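Peer 1: need the 3D shape of this:
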Amino acid sequence: MSVTGPATSGRSSAPPAPGRLGAPLDPQAAVVYLDALGRWRDERKSELDELDQGALTSREGPQLTADIALSMALWKSISDRYELLTAIWNSGRAGRADLERMATLIWGRLDTGLRAGNVEAGRPVDFDQASSGGGPTGLAVSLPEACRLSDALVSQLRVRLGLDPSGAAVTEQIRRLRAQMERIRDQIDLEPAGASQEAAAEQQSRLARRLKDIADKAGRGGDVGGLLGPLEIEAAIFERDLIVAAARRRQAVAKVDQARRQRADLQAREAALTNLVEQCVADVDPAPNYAIPDVEALGPPPGTAEQLDGYLRRLDQVARAMAVAQQAYTRALHDRDELRGRLSAYHAKAGAVGVATVPEIARAYEMAESELGRRPTRMPLATQLVELYSTYLQTAAPAGRKSTDNPTVASS
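Peer 2: Residues are numbered from 1 along each chain as shown. From the prediction side, this is the model:
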């Protein structure tokens, strides 16, 4: 069943993005891009609403629910990034540092929260994953790539729903396909040199030849309505797969760098934690008894994405174990220092009320101070001695204050 809609002639394509990562945007290019991206965002939302309505009345609708949900979620990520860009632009009041941040937002990682498998196989979007920011399995692309991916998905959905007219829009369809072929050619240039790049170039050449044959036939007045649809679907899938593959390669490289940095950080923490343990064991008895993880035992980061995910999880486990151990040993040393501070405060109070030299109080202080000066300090005994000193002080303080406050008693 073919479905037509009111906005079939208003398809939008994402505007080309200015600048590059690490360099501030040109202000004029920034304002032009933000204006074009804002219009594209609004038009794309209208297109998606149209596709959603078309799916409700189409036989293909139930099979396309996941793809429409995927496109909606991708649009939401793009729209959120656009809002950040306009906030930094601040109606043209952005400075050089702001313009550099805008370039980072455009060309840096846009974590869509969509799983690459969803994009490839058309499975439903994992909205829990999307709302949590993606994680290791999320599909992370740049803003221009996300926009092109949205264009490709919408083009595919339109063809499958039959929303494009077969007569008046043929010239526009051919123009869009030619532009898409150029985008695909640029994407292929980013592929690593080798067999996969050669295979992708051959596929692009085959699609380009089919497009040329269709354009020639249309120029001779032939009916090409049944030829454009399948070509649009193949081109959209091909462009989508190239974008996903590029995102996966970047993620693999990022994971290796992340694993190396995290491993180096844990090695430094291991050395510092070992010193902390030695200090605690020498100063406190009983000391906590936690094993310090051996980072070297994990080995170097592996080379495959699947192994990297497991390796990163083990690094996280080691980091958590180190945090628990560090907290325990630090608390033990802190408790001893806190006990010393209490004894000093009690001793100062004893001097203030004039009972510091009372024999039993002085003796209690000497015992507590001697134990706290011992290495390692026997914490249960030291705690009891400080409490004993506190008890002596509490019972003797009133008498001390009375003797100092009464001149008659003091003179006698």
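Peer 1: and the helix or strand harbouring residue 236, what does it pack against?
Peer 2: Residue 236 is part of helix 225-283 when elements are defined by DSSP states H and E. The helices and strands touching helix 225-283, judged by 3 or more Cβ pairs under 8 Å, 6 or more residues apart in numbering; DSSP states H and E, are helix 116-121, strand 138-141, helix 143-161, helix 170-189, helix 195-219, helix 305-353. Glycine gets a C-beta too; all of them are placed from N, C-alpha and C.
Peer 1: by how many degrees do the last one and helix 225-283 diverge?
Peer 2: In terms of direction (axes from the mean of the first three to the mean of the last three Cα atoms, to 10 degrees), helix 305-353 departs from helix 225-283 by 40 degrees.
Peer 1: what is helix 305-353 packed up against?
Peer 2: For helix 305-353, the helices and strands in contact under the criterion 3+ Cβ pairs under 8 Å, 6+ apart are helix 225-283, strand 284-285, helix 359-372, helix 379-405.
Peer 1: out of these, which is the most enclosed?
Peer 2: Neighbour counts averaged per stretch over those are highest for strand 284-285, at a mean of 19; criterion: mean count of other Cβ atoms under 10 Å.
Peer 1: what does that one contact?
Peer 2: Strand 284-285 has contacts (Cβ atoms under 8 Å, 6 or more residues apart in numbering) with 332, 333, 335, 336, 376, 377, 378, 379.
Peer 1: how near is residue 264 to residue 78?
Peer 2: Remark: distance between residue 264 and residue 78 (Cβ to Cβ, to the nearest Å) = 35 Å.
Peer 1: pick out the shakiest of the helices and strands packed on helix 305-353, pLDDT-wise.
Peer 2: Ranked by mean pLDDT, those end with helix 379-405 in last place, scoring a mean of 77.
Peer 1: what's the angle between the helix holding residue 236 and helix 170-189?
Peer 2: 30 degrees.
Peer 1: report the angle between the axes of helix 225-283 and helix 143-161?
Peer 2: If you take the same axes, to 10 degrees, helix 225-283 sits at 140 degrees to helix 143-161.
Peer 1: taking helix 195-219 as reference, get the angle to helix 225-283.
Peer 2: Angular relation of helix 225-283 and helix 195-219 on a 0 to 180 degree scale: 150 degrees, by the same axes, to 10 degrees.
Peer 1: so what's the residue count around residue 20?
Peer 2: The burial metric for residue 20, expressed as a neighbour count using other Cβ atoms under 10 Å, is 10.
Peer 1: what's the separation between the nearest residue to it once chain neighbours are set aside and residue 17?
Peer 2: With sequence-adjacent residues excluded and distances taken as Cβ to Cβ, 6 or more residues apart in numbering, residue 20 is closest to residue 107, at 6.2 Å. Applying Cβ to Cβ, one obtains 7 Å for the distance of residue 107 from residue 17.
Peer 1: try residue 344
Peer 2: Residue 344 sits 64 Å away from residue 17, going by Cβ to Cβ.
Peer 1: compare the two (neighbour count), which wins?
Peer 2: For residue 344 and residue 17, the more surrounded residue by other Cβ under 10 Å is residue 17, and the numbers stand at 20 against 12.
Peer 1: what kind of secondary structure is the more buried one in?
Peer 2: Classification of residue 17 into helix, strand or coil gives coil, according to DSSP: H, G, I helix; E, B strand; the rest coil.
Peer 1: test my guess that it contacts residue 108.
Peer 2: No. Counting by Cβ atoms under 8 Å, residue 17 sits too far from residue 108 to count as a contact (11.7 Å).
Peer 1: one step back: where among the helices and strands packed on helix 225-283 is average confidence lowest?
Peer 2: Considering these one by one, the lowest average pLDDT is found for helix 116-121, at a mean of 47.
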